[in-house]
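Colleague: Got a sequence here, can you build the structure:
(2 chains)
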Amino acid sequence: MADGVEVSDAMAVERTLAGDRDAYRVLVERHSRTVYRMAYRIMGNAHDAEDVVQESFLRAYQKLKQFEGNANFGTWVYRIAANYAIDRIRQRNADEARREIPNRPGEDSLEVDPLSQVRDMSPSPERLAGSAQLADRMKAALAELSPAERTAIVMRHWDGCGIEEIAAVLKSNSNATKNTVFRAVQKLRRALTPFLAGKEARAMGTEG
Amino acid sequence: MKHRTEEELIGYRDGETKERVEIAAHLKDCAECGQELARIEAIFAALDAMPVPDPGEDYGNRVWQRIAPRLGEKKPRWWETLFVPERLAALGGVVALVILAFVAGRWTRQPVPLRDQTDAAKVRERVLVVAVGDHLGRTEMVLMELENAPAQKGQKPIDISETQRRAGDLVEENRLYRQTALKEGDQAMVSTLDELERVLLDIANSPDELTPAAFETIRKRIEEQGLLFKVRVVKQGLDERKANPEAKPEENKPRGTERKKV
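Modeller: From the prediction side, this is the model:
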């Protein structure tokens, strides 16, 4: 594997299955960053995202015999990771709910409610202009989505996955998945509209 | 002019609409819907503004260093992948008991004394005790989350999608255990599981966003029926039976109900 020759995914899979464990390294090194980006967007922090990446590649290795040779390994491991991420985030939410039942995120918590945060902000255009602030707002708004909504919007918007592919990860049907994507966009919009209003009005040359 | 809904415009932007041509034509004539679409587009632009920290060029190598020593680990069995970690211990117990029940079942096929047959029944009962105990623990958690949720002010919808999903999973399990309890003749458990099923179904079939009033209705129902209390009583009885299998669960058995005689 270290001979400098570009090894295709299919060849690396074949060699791994034939017992060459190091062949799997090529696949890990090639696809880790893509999986990390998706995992970070779903999990919302680097620590959990790294955990998702490692666990997903371990699971993919253990299930490699089930991988169909004509499929795309990158897509396959991405799906394994998306499945694991949604399970992890549900588990994390359940653990947080158990620990903090009296003050669950997304309800009255001023600390995490993006709408409350937006109200606390000065709406001056100068403050709204910062893209870092916008990114923070978006992160908070994403954190408010349900695990299914967050997974759906990440897979759909950033990674361009088809509705059927997302539905398979969510263990749902196409119509319900379309609704999940719609709800996610709608919730993000509600959370971010006050923040975007100033920019938008300027960009469109209207009053908004 | 009839404006397009937000859902239609998001579907149009997302390429997920059968009315693509019609909506495109409408957008040419309707400045208001055009502005609405621009506002939606701004949300997607904002999504793109959210950066992901770069894990570094050698990230793949670091991942490999972390997982390489673990690649030799035994592949989990299929049932291990179906359950989250904290359920594995309980599940392992159930599987062991099922095997015991199977072995006991084989013994009881021979014309053996009544005592051996009773032992097999005890094993089956114990399987039910352990499995239902675990199920009730998780149901208790869902009910507690709803009952202890803070009171809502105003009309802000309450997202219960996560609780709803778990309730949906619990409904299926609940039905299975109810049938088993019915076969075992445990009427007290059947009755509690019956009540639980109705509430779990209500939760699972609710919209995933509830108005504060609808949320309050579900919560009141849990309170008025004393469901949490009933679950805890049955669960406590099961815990005691788990700890002391020889003890007869008289307090949990309804009067006049006998365990199935083998």
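Colleague: where's the residue of chain A at minimum distance from chain B, which helix or strand?
Modeller: Closest residue of chain A to chain B, Cβ to the nearest Cβ: A:E29 (3.2 Å). Heads up, the C-betas are built off the backbone N, CA and C, glycines and all. Assigned by DSSP states H and E, A:E29 falls within helix A:23-43.
Colleague: So which elements touch the next helix or strand after that helix?
Modeller: On the C-terminal side of helix A:23-43, the nearest following helix or strand under DSSP H and E is helix A:46-62. Applying 3 or more Cβ pairs under 8 Å, 6 or more residues apart in numbering or on different chains; DSSP states H and E, we find helix A:46-62 packed against helix A:23-43, helix A:73-99, helix B:59-67.
Colleague: how distant is helix A:46-62 from the center of its chain?
Modeller: Centroid displacement of helix A:46-62 relative to its chain, using Cα atoms, centre = their mean, to the nearest Å, is 14 Å.
Colleague: can you list contacts of that helix?
Modeller: With contact meaning Cβ atoms under 8 Å, 6 or more residues apart in numbering or on different chains, helix A:46-62 is reached by A:16, A:24, A:27-28, A:32, A:35-36, A:39-40, A:42-43, A:67, A:76-77, A:80-81, A:84-85, A:88, A:92, B:53, B:55, B:63, B:66-67, B:70-71, B:73, B:75-76, B:81.
Colleague: Spit out the contact partners of the closest residue to chain A within chain B.
Modeller: Of all residues in chain B, B:G60 sits closest to chain A, at 3.2 Å by Cβ to the nearest Cβ. Residues near B:G60 by Cβ under 8 Å, 6+ apart: A:V28, A:E29, A:R30, A:H31, A:S32, A:R33.
Colleague: residues near the last one, how many?
Modeller: Counted by other Cβ atoms under 10 Å in any protein chain shown, the residues lying close to A:R33 total 17.
Colleague: my guess is it meets B:G56, correct?
Modeller: No: using Cβ atoms under 8 Å, A:R33 is not in contact with B:G56; the gap is 9.1 Å.
Colleague: Just the element for B:E240, please.
Modeller: B:E240 belongs to helix B:227-243, assigned by DSSP H and E.
Colleague: swap in A:M11?
Modeller: A:M11 is located in helix A:9-17, with elements delineated by DSSP H and E.
Colleague: So which other helices or strands are in contact with that helix?
Modeller: By 3+ Cβ pairs under 8 Å, 6+ apart, helix A:9-17 packs against helix A:23-43, helix A:73-99.
Colleague: Where is the longest helix in chain A?
Modeller: If you go by DSSP state H, chain A has its longest helix at helix A:174-204.
Colleague: buried set for that helix?
Modeller: Residues of helix A:174-204 classed as buried: A:177-189, A:191-200 (neighbour count, 16 or more other Cβ atoms under 10 Å in any protein chain shown).
Colleague: With stretch B:36-56 instead?
Modeller: Applying 16+ other Cβ under 10 Å to stretch B:36-56 flags B:E36, B:L37, B:R39, B:I40, B:A42, B:I43, B:F44, B:A46, B:L47, B:M50, B:P55 as buried.
Colleague: what sits against the second one?
Modeller: Think B:L37. Applying Cβ under 8 Å, 6+ apart to B:L37 gives the contacts B:L9, B:Y12, B:R13, B:L27.
Colleague: repeat for A:I166
Modeller: Contacts of A:I166 by Cβ under 8 Å, 6+ apart are A:T151, A:A152, A:M155, A:R156, A:T177, A:T180, A:V181.
Colleague: Tell me the spacing between B:I23 and B:V132.
Modeller: 53 Å (Cβ to Cβ, to the nearest Å).
Colleague: With neighbour numbers in mind, choose between these two.
Modeller: Using other Cβ under 10 Å, the more surrounded residue of B:I23 and B:V132 is B:V132, with 25 against 19.
Colleague: any idea which element the more buried one lies in?
Modeller: Per DSSP H and E: helix B:114-147 holds B:V132.
Colleague: And the residue lying closest to B:H3 once chain neighbours are set aside, which helix or strand is it part of?
Modeller: Computed as Cβ to Cβ, 6 or more residues apart in numbering or on different chains, the closest residue to B:H3 that is not its neighbour in sequence is B:C33, at 5.4 Å. Assigned by DSSP H and E, B:C33 falls within helix B:31-48.
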